[in-house]
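**Student:** Turn this into a model:
(chains A, B, C and D)
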Protein chains: 2
Amino acid sequence: MPDSARYMMHRPEILGALRRGEVALDRVMAGSGRIYPAGRLLVEAGSPNDTIFRLRKGWVGRLRTLEDGRSQFILIFLPGDLFAVKSLFATHSPDAVQALSEVMVEQVDHRTLREAYERDPDLATRCMWQVIEEERRLHNWVVGLGRGSADERLAMLLVDFRGRLILSGTIAPDAQAYDLPMTQEQIGDHLGISNVHVNRVLRSFRENGVVAMRGRRVTIGDLDALVRIAGPLLDISERGRPEFVGVREAGGGERTSGGDVGA
Amino acid sequence: MPDSARYMMHRPEILGALRRGEVALDRVMAGSGRIYPAGRLLVEAGSPNDTIFRLRKGWVGRLRTLEDGRSQFILIFLPGDLFAVKSLFATHSPDAVQALSEVMVEQVDHRTLREAYERDPDLATRCMWQVIEEERRLHNWVVGLGRGSADERLAMLLVDFRGRLILSGTIAPDAQAYDLPMTQEQIGDHLGISNVHVNRVLRSFRENGVVAMRGRRVTIGDLDALVRIAGPLLDISERGRPEFVGVREAGGGERTSGGDVGA
DNA sequence: CGTTTGGTTGATGTATGTCAATATTAGTGG
DNA sequence: CCACTAATATTGACATACATCAACCAAACG
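**Tutor:** Okay, the predicted model is just below:
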């Protein structure tokens, strides 16, 4: 399944291992699938956790909550992602992992998984790959949070979600719309901006015909414009992603804000 | 060597594997040590890279530069860290990796390393651990960038560097000062704030006797105060770290700014 | 069909950015 | 070791993106 393998400029020699590793995962996780409702905590912050998950359906987020109430969604997982791989090494997590929508997840105990992958290097490779891929997204996120404007961050997020949903097979490559089961407050907590400002940026996007978000659905009006806004923040490897083929290259060195995008 | 293993609430069962994996690394990297001057790019953004490094001496940073000139240090590596592990999976990196000081690094080709770890699960565990540990730091960094004030971020950074330098054996656990070979501009590019503002925050820290930074040296005047400022951003696992034992717990729910810290 | 949760909008405040000038330190060739 | 230069640090004046507060509206929900 890791179709998302195409996210990176991959070494061809590992693709076989990844595929075999995924099959091994199927075996190890067989029959463990369960459904949880939106909002449910799959991992509680600070509690011991012995489980590694594979997300089959729905959205999940890793959430850190600070003592004074501030909170941050660190990473969002989409179908096909493994999460809480860290449980292989650590007994506790400082973050909660929460279902954003109704989800279907499979699970393994860390001992079972470790025993399995000590005998099967492909399984180890599959796990390692997941963590590396996650790290790649975190790198991008750090750049976005550190250097991006609110407009850029939101555009980057919407482009990223779209690309990942396509690669996971959840939506078609030419889909104009997708479901995004997060409130504006949650989006803000992922982008590091306030819910009010998320709303304002969304309004400007809507008024410029870039994207409209109503209910929990994102409708992309002008993908080129969206990519142009996110442009500076998109890493090079993402430019070559299949779903960008045909999208005009983002313009030169100037920062573009949501306000001046022609409809 | 991964003394930094103590960074996390570790599963005891992997400590042995980690130690053996480190020894295996010694073997695989034997004789490859080289010295590079400050400023040298060890990996160039966008170029193919086949090498995995182990940092023995000095500081190294992973740097993303955007087309319009903005730039962000994504992660800083200290002695003992493996870096560019991603080269095992990806042929290119969107980021440069740059020596911040004179450095001593060892290197392996990705093929050699992969062959070695397919035969030695301990080596695989050691590599995996590095990536997971890096991811833990990225999680913290995302929270800091997303939700922290400039004061908090800088304090967090200084506390983090101190802790890691202690764990890597570079400085003594009771050291009051350490070398930080980064310009204020580079620090700003890591914290996501301007060099000017870095300077202002440093001034406020200095005036309050919290820390003084002169030349490339950090002198900690009041560790308690520093930890108190960074407090909200420090993840729970870090609170238990050996070097914090004896440090008073950060106060309740209020946000503390550099300005109101009693000397 | 009221209550809660999330969305929308305006008014106002502030942390931090930008620009620009000066001081200091570090680097370099004579 | 000095003189010159370039890099970095420091400070002030001013600009702005975004946060906060507060009210109101719309949708979801039991």
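**Student:** What residues does the stretch 101-250 of chain A have near DNA strand C?
**Tutor:** Neighbours of DNA strand C within the stretch 101-250 of chain A, by C-beta under 7 Å from any atom of the strand: A:183, A:184, A:185, A:195, A:196, A:199, A:200, A:202, A:203, A:213, A:214, A:216. C-beta here means a position set from N, CA and C on the backbone, and glycine is covered the same way.
**Student:** Could you count how many residues lie near the third one?
**Tutor:** The one in question is residue A:185. Residues near residue A:185, counting by other C-beta atoms under 10 Å in any protein chain shown, number 14.
**Student:** if we look at stretch A:18-32, which residues are touching it?
**Tutor:** For stretch A:18-32, the surrounding residues in contact (C-beta atoms under 8 Å, 6 or more residues apart in numbering or on different chains) are A:1-2, A:5, A:54, A:82, A:106-108, A:112-113, A:116, A:120, A:122-127, A:129.
**Student:** In it, which residues are buried?
**Tutor:** By neighbour count with 16 or more other C-beta atoms under 10 Å in any protein chain shown, stretch A:18-32 contains the buried residues A:18, A:20, A:21, A:22, A:24, A:25, A:28, A:29.
**Student:** what sits against the residue nearest to the third one when sequence neighbours are not counted?
**Tutor:** If I follow you right, that is residue A:21. Leaving aside its sequence neighbours, residue A:21 sits nearest to residue A:126 (C-beta to C-beta, 6 or more residues apart in numbering or on different chains; 2.7 Å). Contact analysis of residue A:126 by C-beta under 8 Å, 6+ apart lists A:2, A:17, A:18, A:21, A:22, A:24, A:25, A:82.
**Student:** so what pLDDT did the third one get?
**Tutor:** So the one you mean is residue A:18. Looking at residue A:18, its pLDDT stands at 91.
**Student:** what about it, which SS state?
**Tutor:** Secondary structure, DSSP: H, G, I helix; E, B strand; the rest coil: residue A:18 is helix.
**Student:** Please tell me how far it sits from residue B:73.
**Tutor:** 30 Å (C-beta to C-beta, to the nearest Å).
**Student:** that older thread, okay if I get the buried residues of stretch A:18-32 as TSV plus secondary structure and distance to residue B:178?
**Tutor:** Shown next, in TSV, are those (DSSP: H, G, I helix; E, B strand; the rest coil; distance: C-beta to C-beta, whole Å):
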residue	secondary structure	distance to residue B:178
A:18	helix	41
A:20	helix	46
A:21	helix	42
A:22	helix	45
A:24	helix	45
A:25	helix	43
A:28	helix	45
A:29	helix	46
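**Student:** Between those residues, which sits nearest chain B?
**Tutor:** Nearest to chain B among the buried residues of stretch A:18-32: residue A:18, at 9.0 Å, using C-beta to the nearest C-beta.
**Student:** now the helices: where do they sit in the stretch 51-200 of chain A?
**Tutor:** In the stretch 51-200 of chain A, the helices defined using DSSP state H, counting those that start in this stretch lie at A:110-119, A:121-147, A:150-167, A:184-191, A:195-207.
**Student:** chain center to the last one, what's the gap?
**Tutor:** What it means is helix A:195-207. Relative to the chain's own centre, helix A:195-207 is displaced by 21 Å; criterion: C-alpha atoms, centre = their mean, to the nearest Å.
**Student:** What of the third one?
**Tutor:** Averaging C-alpha coordinates over helix A:150-167 and over its chain gives two centres that are 9 Å apart (C-alpha atoms, centre = their mean).
**Student:** I appreciate the help and will end here.
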